[in-house]
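A.B. asks: okay, sequence plus prediction incoming.
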Amino acid sequence: VCVCVCVCMTVCGPRLNFIMFSTEFLLILFVRCITGYGESRGDDTFLVSNNIFGQWSKADMFWRTTPLPDKAGLDCAQEYKDPRQCLYYVDDPWLAQAIPQWVSYMKNLTHRKSGYRDVSRQVTLPFARTLSAVRLLGGLAVHNAGNDTYTPSPEFDIVHRDPGTKVLVYNFTRVDETLDGFLAFGVEDFLIVFDNVPYVFVAPEKRYYCGFGLGSAPDNITEFGIFIHDFVEHLVSRYGEEAVASWRFRLGTEADGPRLGPPWQAGPAPMNDGNGSVINISNGLLTYSSLYSVVEKALFLASPRSKFGPSNFAAISPGNCSVCPYLMEFGKYLANYSETEGRDVIGFAAISEYSKTDQDGDAPAQPMEGSIYSIASFAQVATKKKNAIPIEVHEFGWAGWLPFKDKSSWPLGAFGGAWNVAAWLWQKAANVSQVFHWGYHFDYSLAKVNKTGAGGNINRTNGYPLVSGWGWSKEAMLELGYGRSNALVSQFVTNPSSHPTATLGGFRVADLAAKSLKYLLVFHEKNYKNHPSLRWQLTITNNDFPQQIPYWNLSDTTQVKVSEMVYERSSSIHDIILADVVAQGGYSAGLLVNEDVDLVDRVDKMLTPKGMALVAKKTKEYMEINPKAFHPVPFSGNISTENMALHANVKLCQAPCMVLLSFEKA
């Protein structure tokens, strides 16, 4: 017991100054210690059985789509009637080959607004399930890097002031076109973000700018509240009360920093005034708190059933969180405000969470759970209840700006895909509800140089892409059964002593209607250059089924059909292309940008123009290889039975690797 407690304190010590420990939480930590979440047999075999999985829950699709570009209404959303750039026809043969599970999901989709149903059956934006509409109100600006100034772009604002009467004049066309488009191709789960403030609400002398445009809070929050009320009323009028009631609204993006007002930390902060000078601003928390209550009331009056929440907060990892005391102060403010109003005033709590580098320059997956505990503590203070509101990640992806040894802008191969799934597992273990991804499931590099080879449809503006490891992970979740009404899921995740620098884990999904049991297992090593081997060994008994009733006779191997989808360096198209180029001489032959033969990035970022020209000649071949990893094939391992249990031995795989196993009645 002493050893277990010491291990728990070592692993979780950084959280102690922030997590409100309960008996239940300490018990969970204790169980993690004494069980190890699994069992390693030797150096290369990991045993997977029911006792390492958590409880069953509904297999809701927890991944969403991270922010669309500022001017989405002038880009992808307007092309739904003639999809050539971002969108695809659902019956496009390429989709059926490349991402078949997404096509199946789209064809089975039902909608609240029947008027859009026919169109949505025709076109799709792959893997887009939510529109997270940032900077939709306006407040955009162009950054002039040469002299560090900003040029305002008020033409994108949806409100201006009549120069004569000084009355606010609305123009919601850009918003309407954006939302109409996304509804049309099947996305109706909206998060409307009130972040960049339109210029009309901030006097020129009070404006300051950040990387995404105007950072100032409105001068007159009462007037801004009226604008928000009128804007939401417009949405209700256009899309219906029921539809908007299902949407959610958020105040700001990473507003604990210098956006929607100054940083929350005490003291004045120098900010860029857009003209090459600075202005000093302060009282960020007070500014944001006052604005929150005004906007919340405006939304409640216009659409009382819509959920509203504060900004997604950044840099709040336990043990390294300068803003956390202010975050807790804001939580107390919300609790008092809720008591005053006599109703709930916060519907969710969210964070931004990007990959984290350790002291070795590696990318372990486990730290991706840390900030979730921080924001959960804030939510408990704000609601005065535990687990009262969803905990969400509204920005999730790879932090290429950090000093990783992996210098890729975004690792698109097997390493990136495995890190993605491993991070999800740690986040789900911390009770996250939703994770909004940035995408990066497609790579159009080859289509840019050989559009005909990348599918042959010259009418597509961008041609057809390669599907990355991030795309495989989303397809795999759909193949597992996520999103199906009769599917239940449980999961496990661990850092075993046999592989202390790795994450091993898995999702297990039981489909009560299809009578199938599926596993997605991941082996992620934090160092992208390390490739230790592992063999998964599954034992399936009655206890692996939600109702303890097997879907087939576990004593008879002829009654079960087993298939697999394996994603590792040998089946990842980006790893394959890199290996081919290295074999042709790589960096020394002038084909690779970087001499690191393990660095997997977007194809046109890995290769020099000379390398691209070489690879482009094999575009058609690579396009044919790519989808092979996205279709189940017969199980390559072996199965046996013993004592009313089915044993499955998976072939040896090297990190990074993911294995999806399907067990169905033959």
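C.D. replies: Thanks, I have the structure now.

A.B. asks: does V295 lie in a helix or a strand, and which?
C.D. replies: helix 284-302 (DSSP states H and E).

A.B. asks: give me the mean pLDDT for the helix or strand just after that helix.
C.D. replies: The first helix or strand that comes after helix 284-302 along the chain, using DSSP H and E, is strand 307-313. Regarding strand 307-313, the rounded mean pLDDT is 97.

A.B. asks: tell me which strands strand 307-313 pairs with, and in which orientation.
C.D. replies: strand 248-253 (parallel), strand 349-354 (parallel) (DSSP bridges).

A.B. asks: so which of those strands is nearest F663?
C.D. replies: Smallest distance to F663 across the strands paired with strand 307-313 (C-beta to C-beta): 33.0 Å, for strand 349-354. All C-beta spots, glycine's among them, are computed from the backbone N, C-alpha and C.

A.B. asks: helix or strand right after that closest one?
C.D. replies: Downstream of strand 349-354 (by DSSP H and E), the next one is helix 370-383.

A.B. asks: by contact count, what packs against that following helix?
C.D. replies: Here helix 370-383 is seen to pack against helix 324-341, strand 349-354, strand 391-397 when contacts are counted using 3 or more C-beta pairs under 8 Å, 6 or more residues apart in numbering; DSSP states H and E.

A.B. asks: hang on, the earlier thing: could I get the strands paired with strand 307-313 as a markdown table with mean pLDDT, distance to L131 and mean neighbour count?
C.D. replies: Converted to a markdown table, these look like this (pLDDT from 0 to 100; distance: least, C-beta to C-beta, whole Å; neighbours: other C-beta atoms under 10 Å):
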| stretch | mean pLDDT | distance to L131 | mean neighbour count |
| --- | --- | --- | --- |
| strand 248-253 | 96 | 11 | 24 |
| strand 349-354 | 96 | 16 | 24 |
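
A.B. asks: closest one to S533 among these?
C.D. replies: Using C-beta to C-beta, the nearest of those to S533 is strand 349-354, at 29.5 Å.

A.B. asks: determine how far that closest one lies from the middle of the whole chain.
C.D. replies: 10 Å (C-alpha atoms, centre = their mean, to the nearest Å).

A.B. asks: between that strand and helix 324-341, how many degrees?
C.D. replies: 160 degrees (axes from the mean of the first three to the mean of the last three C-alpha atoms, to 10 degrees).

A.B. asks: below-threshold pLDDT in the chain: ranges please.
C.D. replies: 1-43, 66-67, 69-70, 72-85, 109-121, 452-459 (pLDDT under 70).

A.B. asks: got a list of what the most centrally placed residue in it touches?
C.D. replies: With distances taken as C-alpha atoms, centre = their mean, the residue of the chain nearest its centroid is H437 (2.3 Å). By C-beta atoms under 8 Å, 6 or more residues apart in numbering, H437 lies in contact with 63-66, 127, 396-397, 420, 470, 474.

A.B. asks: if we go to 10 Å?
C.D. replies: 63-66, 127-130, 393, 395-397, 420, 424, 470, 473-474 (C-beta atoms under 10 Å, 6 or more residues apart in numbering).

A.B. asks: beta-bridge partners for it, please?
C.D. replies: Under the criterion used (DSSP bridges), H437 bridges to T65, F396.

A.B. asks: S468 versus that one, what's the distance?
C.D. replies: 12 Å (C-beta to C-beta, to the nearest Å).

A.B. asks: now stretch 232-247: buried residues?
C.D. replies: The neighbour-count check on stretch 232-247 (16 or more other C-beta atoms under 10 Å) flags 232, 234-236, 239, 243-244, 246-247 as buried.

A.B. asks: hmm, who's touching it?
C.D. replies: 111-113, 131, 133, 158, 170, 172, 175-176, 179-180, 183, 188-192, 194, 249, 295, 298-307.

A.B. asks: so what's the residue count around L334?
C.D. replies: Each residue near L334 was counted by other C-beta atoms under 10 Å, and the total is 25.

A.B. asks: nearest spatial neighbour of it, skipping sequence neighbours?
C.D. replies: A382 (4.1 Å; C-beta to C-beta, 6 or more residues apart in numbering).

A.B. asks: mind listing what the one you found touches?
C.D. replies: Taking C-beta under 10 Å, 6+ apart, one finds 309-310, 327-328, 330-338, 344-346, 349, 388-389 in contact with A382.

A.B. asks: which ChimeraX command selects the buried ones in those residues?
C.D. replies: Buried members of the contacts of A382, defined by 16+ other C-beta under 10 Å, are picked up in ChimeraX with:
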select :309,310,327,328,330,331,333,334,335,337,338,345,346,349,389
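
A.B. asks: if we can go back for a sec, pull up the overlap in contacts between H437 and S468.
C.D. replies: Joint contacts of H437 and S468 (C-beta under 10 Å, 6+ apart) are 420, 474.

A.B. asks: returning to that earlier point: among the contacts of H437, which ones are buried?
C.D. replies: 63-66, 127-130, 393, 395-397, 420, 424, 470, 473-474.

A.B. asks: all helices of the stretch 151-300 of the chain, in order?
C.D. replies: Ranges of helices in the stretch 151-300 of the chain, per DSSP state H, counting those that start in this stretch, are 173-184, 221-239, 241-246, 284-302.

A.B. asks: okay, the ones you listed in CSV with distance to G139 next?
C.D. replies: What follows is the helices of the stretch 151-300 of the chain, written out as CSV (distance: least, C-beta to C-beta, whole Å):
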stretch, distance to G139
helix 173-184, 13
helix 221-239, 12
helix 241-246, 23
helix 284-302, 14
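
A.B. asks: closest one to Q547 among these?
C.D. replies: Per C-beta to C-beta, nearest to Q547 of the helices of the stretch 151-300 of the chain: helix 241-246, 31.8 Å.

A.B. asks: most distant residue from the centre of this structure?
C.D. replies: Most distant residue from the mean C-alpha position of the chain: G164, 46.3 Å away (C-alpha atoms, centre = their mean).

A.B. asks: and it, how far from V90?
C.D. replies: Taking C-beta to C-beta, one finds G164 at 50 Å from V90.

A.B. asks: ok, I99 next?
C.D. replies: 11 Å.

A.B. asks: who has more neighbours, these two?
C.D. replies: The residue with more neighbours, out of I99 and V90, is I99; 26 against 20, by other C-beta under 10 Å.

A.B. asks: that'll do, ta.
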